[in-house]
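Enquirer: next comes the sequence, and after it the predicted model I'd like to discuss.
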Amino acid sequence: MNSSMRTPPASRWGRGLGPLARFAGAANRWLYGLPPGRWQGRRLARGLELSQVEIALERGHAALDGLRIAFVSDVHSGTFMDTSDIDRLFERIAALEPHLVCLGGDLVNALPEEMLAFREPLRRLAPPLGIWAVPGNHEYVVERDLKTFHDVLSEAGVGVLLNEGRRIVVGAGSFWLAGVDDHSLGRPDLPLALHGAYPHEPVLLLSHHPDLFHESSSAGVDLTLSGHTHGGQIVLGGRTPLRHTRLGFWRGHFRRGAAQLYVSRGVGVTILPLRVGARAEVPILTLRVCP
């Protein structure tokens, strides 16, 4: 087995986050069972935006023009988000008929069994180009070997891209869909994920942490999709107490030459069940191929 694919050692930060996530998760689950908690859960759900984003690629076959991708990240199941909430979310996404659905990590918050909340809702999604996923840091916090993450997704027919890629064929065109391990607690191997891509086809990369764009932007990746930051989650006066990116990739669209990054604000919350100045988001990205 490649060294990048072995269960990574828990970092000091990861060991510290585990007890905090479990404590906050237990408190939020208790609160969610009370009327004020249910009201706050509905408020968070109403604030979620299915944002429409156009991405103009500088290369690619004309067959890729108009391709729609739903990018779902940072659900944090178990924290003001249960099976019924996820089911309603996936019903909204399915109604938009995306060609491809990508899961960007942090599907869970504090416990491995929070992945079970995805079993039934995933049945709502049947995009013609499949559902693909990468892990985030919370997947590693709750279960170092990612067993439940892999089991639930495999059962639903979701492909997990752990430092690997797949060629997605669209009519007479194609693109390389790659995914890397988590930048914080995993062992990301970008060259391995890109191995097999044709020189002429665009590359779409799933990376939970947006700071990997520092590498992917100079490695021939056309579009990187990331989450992790929650868009700051609590933003006051343009500032946030969170420190989820060292390079300033908080949310939205970034460019470096021909390389692009889109950072989703994510679906859920963690620690505090609040969003201020950072609405929840599932971006629906439409690819445009420049002539």
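Expert: Everything's here; your move. Numbers count the residues shown, from 1 in each chain.

Enquirer: and stretch 58-71, how far out from the chain middle?
Expert: Between the mean C-alpha location of stretch 58-71 and the chain-wide mean there is a distance of 19 Å, by C-alpha atoms, centre = their mean, to the nearest Å.

Enquirer: need the contact partners of it.
Expert: Counting by C-beta atoms under 8 Å, 6 or more residues apart in numbering, stretch 58-71 makes contact with 57, 93, 96-102, 104, 127, 170-175, 200-202, 204, 222, 225, 227, 258, 262, 264, 282-290, all of which sit outside it. Yep, even glycine has a C-beta here, placed from its N, CA and C like the rest.

Enquirer: check stretch 247-264 too.
Expert: Residues lying outside stretch 247-264 but in contact with it, judged by C-beta under 8 Å, 6+ apart, are 53, 55, 58-59, 71, 73-74, 104, 210-211, 213-214, 216-218, 221-229, 231-232, 240, 244, 265, 278, 281-283, 285.

Enquirer: before we move on, back to that, mind listing which of the contacts of stretch 58-71 are in strands?
Expert: 57, 100-102, 170, 173-175, 204, 225, 262, 284-289 (DSSP state E).

Enquirer: report the buried members of the residues you listed.
Expert: Neighbour counting by 16 or more other C-beta atoms under 10 Å classes 57, 100-102, 170, 173-175, 204, 225, 262, 284-287, 289 among the ones in strands among the contacts of stretch 58-71 as buried.

Enquirer: spell out for me which residue occupies the centre of this protein.
Expert: The centroid of the chain falls nearest to G104 when counting by C-alpha atoms, centre = their mean (1.6 Å).

Enquirer: pLDDT score for that one?
Expert: In the prediction, the pLDDT value recorded for G104 is 98.

Enquirer: pull up the distance across stretch 280-287, start to finish.
Expert: 22 Å (C-alpha to C-alpha, to the nearest Å).

Enquirer: looking at it, N137 is touching H228, isn't it?
Expert: Yes - assessed by C-beta atoms under 8 Å, N137 is found in contact with H228 at 7.4 Å.

Enquirer: what about these two, which has more around it?
Expert: In terms of neighbours (other C-beta atoms under 10 Å), H228 is the more surrounded of N137 and H228; the figures are 28 against 23.
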